[in-house]
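1. Fold the stuff below for me.
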Amino acid sequence: MKWRILRLTALILALLLTAVPLSSCHPASDGAGETELPEILVGSDEYEPFFYAGEGDSFTGFDVELATEAFRRMGYRAKFVKIKWTRKDVLLKDGTIDCLWGCFSMTGRENDYTWAGPYLNSRQVVVVPAESGIYTLADLADKRVAVQATSKPDEIFSAGTDPRIPKIKNLYCFPTDDNVFAALRKGYVDAVAGHDAALENRIKEYPAGSYRILEENLLKVQLGVAFAKGTHEELAQKLIATFAELIADGFVETLLGKYGMNAAESLTGIKGYGKE
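-> You can find the predicted model right below:
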């Protein structure tokens, strides 16, 4: 009899354990501690000031702080994974990460992913050495340009369809933002292209007047969070609503100030921003 009771108890425990949800698609109750919240795996590469290595094994940056707070309010815990940006779609498809969040342009990719956003405006710009004779996009004729592989500038220069951009001498595609700016610093290329905030952050690392950004934008874009196409639609919609809340209550504006970005330029036209 005692053996039967023990077996019955074990069976009940086993059934209860199998009933515990393992997927991160289900938010925890409001009373759960942060360490008990279901995880969302956020993938990005290093791209200051949005995503970069912090102390120990942690990450920091504008997008890291925004993702942490947004998912916390939604009942999740963001876990950050550094990835090779050129493998982002493979990692998203095979479930290594749940979403891409790292200064990722929605513009021109609207139908490629399930998007949450936009949550920020950004500009794609060109940077040259201060003494360069390049002042406009037209001046890039027969020049060497470096970009990050699979980025929006890579798409623009590779397509060769923008009438403002003449035929360049060579386009160099590097796997990381570090490689791109190193090529400019060492004189291997005449210009580099990327997001304005990221390149401005790079310029600050050198003596004043070493580099300058062309006044003519390469492209104005809007940033979003990308999930694999056809997946996480409900989660994406909740995240869009959370972005509006974070913008309306001033969290995003304060965060932009912390990382040296202009709130009006970054948020004008974005849902939740009332200072238009």
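2. what's the helix or strand hosting residue 126 packed up against?
-> Under DSSP states H and E, the secondary-structure element containing residue 126 is strand 113-129. In this structure, strand 113-129 makes packing contacts with helix 152-159, helix 177-185, strand 191-195, helix 196-203, strand 211-213, strand 219-228, helix 233-248, helix 263-267, judged by 3 or more C-beta pairs under 8 Å, 6 or more residues apart in numbering; DSSP states H and E. Every residue, glycine included, has its C-beta placed from N, CA and C.
3. Can you give the strand pairings for that strand, parallel or anti for each?
-> When pairs are called by DSSP bridges, strand 113-129 turns out to pair with strand 191-195 (antiparallel), strand 211-213 (antiparallel), strand 219-228 (antiparallel).
4. most packed of these?
-> strand 191-195 (a mean of 25; mean count of other C-beta atoms under 10 Å).
5. Point out where the protein drops to low pLDDT.
-> 1-34, 275-276 (pLDDT under 70).
6. Which residue lies nearest the spatial centre of it?
-> Residue closest to the average C-alpha location in the chain (C-alpha atoms, centre = their mean): residue 102, at 1.3 Å.
7. right, and that one touches residue 44 too?
-> Yes - here residue 102 reaches residue 44: they are 2.8 Å apart, a contact under C-beta atoms under 8 Å.
8. overlap in contacts of those two?
-> Listed as contacting both residue 102 and residue 44 by C-beta atoms under 8 Å, 6 or more residues apart in numbering are 50-51, 63.
9. With secondary structure and neighbour count added, can I get those residues in CSV?
-> As requested, the shared contacts of residue 102 and residue 44 are exported to CSV (DSSP: H, G, I helix; E, B strand; the rest coil; neighbours: other C-beta atoms under 10 Å):
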residue, secondary structure, neighbour count
50, coil, 28
51, strand, 24
63, helix, 28
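10. Using a markdown table, please lay out those residues together with distance to residue 260.
-> What follows is the shared contacts of residue 102 and residue 44, written out as a markdown table (distance: C-beta to C-beta, whole Å):
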| residue | distance to residue 260 |
| --- | --- |
| 50 | 12 |
| 51 | 16 |
| 63 | 14 |
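11. circling back to that earlier point, check the helices and strands packed on strand 113-129 for me and report the most buried one.
-> Mean neighbour counts for the helices and strands packed on strand 113-129 (mean count of other C-beta under 10 Å) peak at strand 191-195, with a mean of 25.
12. export that strand as PDB, just CAs?
-> Taking C-alpha atoms only, strand 191-195 is exported to PDB below (Å, rounded to 0.1, in the frame of the first residue of the first chain):
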ATOM      1  CA  ALA A 191      35.100  57.200 -46.800                       C
ATOM      2  CA  VAL A 192      32.800  55.100 -44.600                       C
ATOM      3  CA  ALA A 193      29.100  54.900 -44.300                       C
ATOM      4  CA  GLY A 194      26.800  54.000 -41.400                       C
ATOM      5  CA  HIS A 195      24.300  55.200 -38.800                       C
END
